[in-house]
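*Asks:* coords please:
(chains A and B)
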Amino acid sequence: MRSFEHVNALNIQTTVALLSEPSTEAIAGGTDLLGELKARLRSPQRLVNLKTLSKLREIRYSPRVGLRLGALVTLAEIERHPVVQERFPILAQAASSAATPQLRHMGTIGGNLCQKPRCWYYRNKLFHCWLKGGDICFAEDGENKYHAILGADRCHAVHPSDLAPALIALDATVCVVGPEVEGEISLEELYTKPTERHRRMTILGPGELITEIRVPPPKKNARGVYLKAMERGSWSFALVSVAAQMSLEGERITDARIALGGVAAIPWRARESERLLVGQEFSEELAERAAEAAVAGAQPLRDNGYKVPLAKSLVKRALEISIRERSDM
Amino acid sequence: MATKAVRPKKRKIAVRGPGKTPIKLIVNGETHELLVEPRRTLLDALRKDLGLTGTKRACDEGTCGACTVLLDGKPIYACMALALECEGRSIETVEGLARNGKLHPIQAAFIEEDALQCGFCTPGQIMSVKALLDENPNPTLEDVKRAVSGNLCRCGAYPKIFKAALRAAELLRSGS
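*Replies:* Just a heads-up that it's a prediction; the model follows:
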């Protein structure tokens, strides 16, 4: 890690100003950033420590407005919060499936949502890949076991967050501040496929940061589940994950939100599956069709074809669990 | 988005580094004054500046758990924390467990159950078990498995680590 200056953030305004300076990065939990700095993917001259912004550490809940999570709330705090466990179980499941107890005590929700991909070419300084400003994606014809099956264009890395699909299924929004913007956007809008001119997985630019995550109160009779396929029982990024949140009136599905992790550069919303489900009565055949729709258009690479049936099975199982098995999970 | 922008405001800020800067670390109840660069990790500050080498350095990238210490009672990876960001907080390392030459019950249980082979992950395992038992004196096997799920043991001593943790819980409950 190259040397850098260190500044504690005082308030949002000065933080935005500091972060707008060149060669400056924000540090919160540090679990992703320090990995990048140690690998010398970046060598900023100054770090701004967000952890001193104590207002961003709060968890608030009211039945009317829902859940408000400050960007500095840790994954461990989310996982253990009684209201999250009771009212937003998908979120508690996603948080507790991420990383390890140690990393969950360090890592913040803001950082989790903005973390960089785990693609080994991206993480290796020796590969000047497209996402880092180079010309080619080495994964396209290289080792691509963990890479994207959906929507990939110039870059084949996947977004690694567990919390993002869960929060998108819960219809969450994020508050963003920056030198030129201040406002609330849906979490889905935060993510973008990297483009030629903006080689990042979020729309955030220099000086912009997330301050709060807002989750609306759960709909009546809503339930859901977060399922994550991993290579081992813990301490793994998702091969594929599925967050499904369903609302029912009797046997009829009135609302469905499904988001997948580990399959694309952004948390992947399965809109076509949702459309098939809403208004219908649940059946195995319907779940099958919805699962099929979730991976429609998949374009697997040499080593990641297994993700297609895996994603399909997880979607189907998530639907069965959230609709049939009610409060089991 | 884009309603009204936050007007960037310049104000006098306290910049530290990139050279060495004085910090105070509270390790095992004792306050230490040291000079570190901002890039110094807590792990290197403990091992190199304070000579506390019980906390092990293996992967140095948050993927092994050998450097687990407690920060305000919570287990963290010391390799992924900056020393100067731990100022004023309580840091516990494996060196702080034994009292007056007597091993802590968790350490005693690890020996009693033979819960190690090469021993390199052991200090980290013990600190994770310490965090668990401080919070939950009566854990289930599942609780123990979860608690050490961020500590890699390449020798595969887990069955005995689990046993040792449960035995330590027993010892601590009986007050020995």
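
*Asks:* for B:Lys48, give me phi and psi.
*Replies:* phi -90, psi -40 (degrees, to the nearest 10).

*Asks:* where do the strands sit along the chain?
*Replies:* Defaulting to chain A. Counting by DSSP state E, one finds strands in chain A at the ranges A:5-8, A:24-27, A:46-49, A:59-62, A:66-70, A:173-177, A:182-186, A:209-215, A:222-229, A:240-249, A:252-261, A:268-269.

*Asks:* correction: the question concerned chain B.
*Replies:* Counting by DSSP E, the strands of chain B are B:15-16, B:21-27, B:30-36, B:68-71, B:74-77, B:90-92.

*Asks:* how about whichever residue of chain B sits closest to chain A: what's its closest non-neighbour residue?
*Replies:* Closest to chain A within chain B is B:Gly150: 2.6 Å, counting by CB to the nearest CB. Glycine gets a C-beta too; all of them are placed from N, C-alpha and C. Excluding the flanking residues, the one nearest B:Gly150 by CB to CB, 6 or more residues apart in numbering or on different chains is A:Thr100, at 2.6 Å.

*Asks:* kindly report the same for B:Asn151.
*Replies:* Using CB to CB, 6+ apart, the closest residue to B:Asn151 is B:Gly65 (3.6 Å).

*Asks:* quick check, that neighbour in contact with B:Tyr77.
*Replies:* Yes. Look at B:Gly65 against B:Tyr77 with CB atoms under 8 Å: they come within range, at 6.8 Å.

*Asks:* hey, what's in contact with both of those two?
*Replies:* Common neighbours of B:Gly65 and B:Tyr77, counting by CB atoms under 8 Å, 6 or more residues apart in numbering or on different chains, are A:Gln102, B:Gly150.

*Asks:* which one of these two has more residues nearby?
*Replies:* Shown here are B:Gly65 and B:Tyr77; by other CB atoms under 10 Å in any protein chain shown, B:Tyr77 has more neighbours (32 against 28).

*Asks:* low-confidence stretches in the chain?
*Replies:* All of this refers to chain A. Scanning chain A for pLDDT under 70 picks out the ranges A:325-329.

*Asks:* that's the wrong chain, I meant chain B
*Replies:* Ranges of chain B meeting pLDDT under 70: B:1-12, B:176.

*Asks:* per-domain residue ranges of it.
*Replies:* Following automatic domain parsing, chain B resolves into domains at B:21-96, B:105-173.

*Asks:* adding distance to B:Ala14, write those out as CSV.
*Replies:* Shown next, in CSV, are the domains of chain B (distance: least, CB to CB, whole Å):
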stretch, distance to B:Ala14
domain B:21-96, 10
domain B:105-173, 32
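
*Asks:* which one, of these, ends up nearest to A:Lys307?
*Replies:* Closest to A:Lys307 of these, according to CB to CB: domain B:21-96, at 22.7 Å.

*Asks:* so how far is that closest one from its chain's centroid?
*Replies:* 8 Å (CA atoms, centre = their mean, to the nearest Å).

*Asks:* kindly report the same for stretch B:100-114.
*Replies:* Worked out by CA atoms, centre = their mean, stretch B:100-114 lies 18 Å from the chain centre.

*Asks:* do the same with stretch A:260-275
*Replies:* For stretch A:260-275, the distance to the chain centre is 11 Å (CA atoms, centre = their mean).

*Asks:* what of stretch A:179-190?
*Replies:* 15 Å.

*Asks:* could you list the buried residues of that stretch?
*Replies:* Within stretch A:179-190, the residues scored as buried using 16 or more other CB atoms under 10 Å in any protein chain shown are A:Pro179, A:Val181, A:Glu182, A:Ile185, A:Leu187, A:Glu188, A:Leu190.

*Asks:* distance of the closest residue to B:Gly54 other than its chain neighbours relative to B:Arg47?
*Replies:* Leaving aside its chain neighbours, B:Gly54 sits nearest to B:Val94 (4.0 Å; criterion: CB to CB, 6+ apart). Applying CB to CB, to the nearest Å, the value for B:Val94 to B:Arg47 is 12 Å.

*Asks:* what's the overlap in contacts for those two?
*Replies:* The contact sets of B:Val94 and B:Arg47 overlap at B:Thr55 (CB under 8 Å, 6+ apart).

*Asks:* comparing the two, which residue is more hemmed in?
*Replies:* The neighbour comparison of B:Val94 against B:Arg47 (other CB under 10 Å) goes to B:Val94, with 25 against 19.

*Asks:* the more buried one reaches B:Met127, doesn't it?
*Replies:* Yes. Between B:Val94 and B:Met127 a contact is recorded at 6.1 Å, counting by CB under 8 Å.

*Asks:* please enumerate the helices of the chain.
*Replies:* Just going to use chain A. Shown for chain A, the helices assigned by DSSP state H span residues A:12-19, A:33-38, A:75-80, A:82-87, A:89-97, A:101-106, A:109-114, A:120-123, A:163-169, A:187-190, A:271-277, A:284-294, A:307-323.

*Asks:* meant chain B, my bad for not saying
*Replies:* With DSSP H as the criterion, chain B has helices spanning B:42-44, B:105-112, B:122-135, B:141-147, B:158-173.

*Asks:* which secondary structure elements does the longest one sit against?
*Replies:* For helix B:158-173, the helices and strands in contact under the criterion 3 or more CB pairs under 8 Å, 6 or more residues apart in numbering or on different chains; DSSP states H and E are helix B:105-112, helix B:122-135, helix B:141-147.
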